[in-house]
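# no letters, just coordinates:
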DNA sequence: ACAAATAGTGACTCGTTAGTCACGATTGCT
DNA sequence: AGCAATCGTGACTAACGAGTCACTATTTGT
């Protein structure tokens, strides 16, 4: 045949995706470590040799699954950082956070299964095939921490000091998303992002004013953001 | 020999513990699924047959590691629930939460490595050897949810509705503890528990009052409660 | 002291797994 | 069309891993 129809590239894409899809499903069901190459090629209906044509090993496959998400997440954080710096001279501090929230929500919706995989495996030891996922987790926390530091330096917010704020928001957000994926009836989810973000922004401020008022209803701060997974800030670093 | 010295029981204890200790170390380093029985008996310096005398399989060993923690955690939640009900007719709502925080901190300090294992593995699929750990995670979330519901029913607090509140606090606490174990410089940890708890309790209240005030400094609410699972907190104490 | 009961051992079986490779099929190029 | 490059395949190997078991050693009851 002499049709330069790009069949090569097409086949490559199809096979690679079949392997990735099969693997992802198995990873979610049994955990990355427990899944064998044989199971994956079985699920993808290809021969074992094909797997090794496209991936060095299971770790490589996992990395290929995680990479697009990682790219998007990283750029979301970068974008927020930039917007935060701009906000220092004119603006609404909340805006950049809202943008981050939206970006990250988009990531979750775009790669739902990869996000689920991340939620399953990101806390384990950085060993073997799990390594790329744990690296993403580090990137997330570092990104959040960075934002905290920037906001603090710019004096835009007075949240909890340093990394702590980032950890709280990331921790809460990740479990919320986990439970949502699990079909758990979580409650007023739509209102959560705003809640979360204001917690971050005002939580510190509130703290700064150890408030004397004990049990009385307080006119709280405005619920403004729409964060989902993101809201982080605060100073310090690891 | 005819000395009813209870050597049998003693040996049993020693061996069991050796196996558990070796296994726990390996689990933390490589992840539960990746560790083999051979590695465990190697680490414990016993024969493979001995492992199977004391444990049915790896899952059984994991269950035996997790069980004491599970017991303590469950009773901590139960105790808090009881105290909460009492508090309904006389009192300080924060107290039961403070007690829970203290109890749970005690658990973390008493079984640090098991807690680390929990933090590593509790989010994964409930498969194979991980099952007992995932069950503990469910117990934790259910316990926290139960407390939220009780407090709500009693009208003691007006936080986020039910489960959501539990999820936020558990999620934040677990990541805080994770980072602490990782040696991360988290910041004012001692003050966190109080911060966290008041966020939960007051965060909702604030939300209930969609506050009109936008960006201006707000007199915040009082920081009163105590943390939940996280070991930190600040009220009282120092 | 002695036999029965219980514990400890590690070689062994048997299934499984990661990774390879020689061969036939497809695609690309001219 | 004709040939070279790339791809797809599944049998194969070498290693490993879970679980067993016949045997030896220790503990216990009497």
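Received, thanks. This is a predicted model, so every value here is computed, not measured.
# stretch A:77-85 near chain B anywhere?
No - on the criterion Cβ under 8 Å from any Cβ of the partner chain, stretch A:77-85 is out of touch with chain B, staying 15.1 Å away. The C-beta positions use only the backbone N, C-alpha and C, and glycine is treated the same way.
# show me how far that stretch is from its chain's centre.
Relative to the centre of its chain, stretch A:77-85 is centred 16 Å away, using Cα atoms, centre = their mean, to the nearest Å.
# quick check: closest non-adjacent residue to residue A:76.
Distance criterion Cβ to Cβ, 6 or more residues apart in numbering or on different chains; nearest residue to residue A:76, sequence neighbours excluded, is residue A:103 at 3.7 Å.
# pLDDT-wise, which helix or strand of chain A ranks last?
In chain A, no helix or strand scores lower on mean pLDDT, DSSP states H and E than helix A:192-208, which sits at a mean of 56.
# so residue A:144 touches residue A:171, yeah?
No - counting by Cβ atoms under 8 Å, no contact exists between residue A:144 and residue A:171, whose distance comes to 10.2 Å.
# which one of these two has more residues nearby?
Ranked by neighbour count (other Cβ atoms under 10 Å in any protein chain shown), residue A:144 and residue A:171 place residue A:144 first, with 28 against 24.
# show me what counts as buried in the host helix or strand of the more buried one.
Residue A:144 belongs to helix A:131-153 when assigned by DSSP states H and E. The neighbour-count check on helix A:131-153 (16 or more other Cβ atoms under 10 Å in any protein chain shown) flags A:131-134, A:136-137, A:140-152 as buried.
# is any residue of it near DNA strand C?
No - against DNA strand C, helix A:131-153 shows no contacts by Cβ under 7 Å from any atom of the strand, the least distance being 14.0 Å.
# please list all residues in contact with the closest residue in space to residue A:21 that isn't next to it in sequence.
Closest residue to residue A:21 apart from its sequence neighbours, by Cβ to Cβ, 6+ apart: residue A:44 at 7.3 Å. Counting by Cβ atoms under 8 Å, 6 or more residues apart in numbering or on different chains, residue A:44 touches A:15, A:18-19, A:21-23, A:51.
# and residue A:44, how far from chain B?
If you measure residue A:44 against chain B using Cβ to the nearest Cβ, to the nearest Å, the figure is 20 Å.
# how confident was the prediction at that residue?
The per-residue pLDDT reported for residue A:44 equals 98.
# quick one: list the elements packing against the helix holding residue A:144.
On a contact count with 3 or more Cβ pairs under 8 Å, 6 or more residues apart in numbering or on different chains; DSSP states H and E, helix A:131-153 meets helix A:58-87, helix A:112-121, helix A:162-181.
# go through the shortest one and flag the buried ones.
Of the residues in helix A:112-121, those buried under the neighbour-count criterion (16+ other Cβ under 10 Å) are A:114-121.
# how far is it from where the chain is centred?
With Cα atoms, centre = their mean, you get 9 Å for helix A:112-121.
# same deal with the longest one?
In terms of Cα atoms, centre = their mean, the centre of helix A:58-87 is found 8 Å from the chain centre.
# that one close to DNA strand C?
Yes - against DNA strand C, helix A:58-87 shows contacts by Cβ under 7 Å from any atom of the strand at residue A:58.
# and that helix, what does it pack onto?
Applying 3+ Cβ pairs under 8 Å, 6+ apart, one finds that helix A:58-87 makes contact with helix A:7-30, helix A:37-44, helix A:94-110, helix A:112-121, helix A:131-153.
# in CSV, list the ones you listed along with distance to DNA strand D.
CSV is the format used below for the helices and strands packed on helix A:58-87 (distance: least, Cβ to the nearest atom of the strand, whole Å):
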stretch, distance to DNA strand D
helix A:7-30, 4
helix A:37-44, 8
helix A:94-110, 27
helix A:112-121, 20
helix A:131-153, 19
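# kindly indicate whether the residue in chain A that DNA strand D sits nearest to is helix, strand or coil.
Of all residues in chain A, the one sitting closest to DNA strand D is residue A:49 (2.1 Å; Cβ to the nearest atom of the strand). Using DSSP: H, G, I helix; E, B strand; the rest coil, the three-state assignment for residue A:49 comes out as helix.
# which among the contacts of residue A:44 gets closest to chain B?
The closest of the contacts of residue A:44 to chain B turns out to be residue A:23 (Cβ to the nearest Cβ; 14.3 Å).
# surely the closest one is in contact with residue A:64?
No - with contact defined as Cβ under 8 Å, residue A:23 does not reach residue A:64; the gap is 9.4 Å.
# higher neighbour count, those two?
Taking other Cβ under 10 Å, residue A:23 and residue A:64 do not tie; residue A:23 has more neighbours (27 against 16).
# for residue A:9, see how far away that one is.
Distance of residue A:23 to residue A:9, computed by Cβ to Cβ, to the nearest Å: 21 Å.
# and the residue nearest to residue A:180 when sequence neighbours are not counted, how many residues sit next to it?
For residue A:180, ignoring the flanking residues on the chain, the nearest one in space by Cβ to Cβ, 6+ apart is residue A:186 at 5.9 Å. Number of residues near residue A:186 (other Cβ under 10 Å) recorded here: 22.
# ok, residue A:186 to residue A:36 distance?
Separation of residue A:186 from residue A:36 (Cβ to Cβ) stands at 35 Å.
# what's the answer for residue A:77, then?
Counting by Cβ to Cβ, the gap from residue A:77 to residue A:36 is 35 Å.
# wait, what's in contact with residue A:41?
With contacts defined as Cβ under 8 Å, 6+ apart, residue A:41 is in contact with A:19, A:22, A:47-48, A:50-51.
# which of the residues you listed are buried?
The neighbour count (16+ other Cβ under 10 Å) marks A:19, A:22, A:50-51 as buried among the contacts of residue A:41.
# out of the helices and strands packed on helix A:58-87, nearest to residue B:86?
Closest to residue B:86 of the helices and strands packed on helix A:58-87, according to Cβ to Cβ: helix A:112-121, at 37.3 Å.
# which elements pack onto the closest one?
Applying 3+ Cβ pairs under 8 Å, 6+ apart, one finds that helix A:112-121 contacts helix A:7-30, helix A:58-87, helix A:131-153, helix A:162-181.
# one more pass at 6 Å, please.
Applying 3 or more Cβ pairs under 6 Å, 6 or more residues apart in numbering or on different chains; DSSP states H and E, one finds that helix A:112-121 contacts helix A:7-30.
# now for the helix it packs on, which elements pack on it?
With 3+ Cβ pairs under 6 Å, 6+ apart as the test, helix A:7-30 has helix A:37-44, helix A:112-121 packed against it.
# mind checking which of those helices is nearest DNA strand C?
Taking Cβ to the nearest atom of the strand as the criterion, helix A:37-44 is the member of the helices and strands packed on helix A:7-30 that comes nearest to DNA strand C, at 3.7 Å.
# tell me what angle that closest one forms with helix A:7-30.
Interaxial angle, helix A:37-44 versus helix A:7-30 (axes from the mean of the first three to the mean of the last three Cα atoms, to 10 degrees): 120 degrees.
# so where's chain A shaky on pLDDT?
Counting by pLDDT under 70, the ranges of chain A that qualify are A:1-4, A:156-162, A:193, A:195-238.
# need the three-state assignment for residue A:126.
Here residue A:126 is recorded as coil under three-state DSSP.
# without its sequence neighbours, what residue ends up closest to it?
Computed as Cβ to Cβ, 6+ apart, the closest residue to residue A:126 that is not its neighbour in sequence is residue A:134, at 4.1 Å.
# sounds good, over and out.
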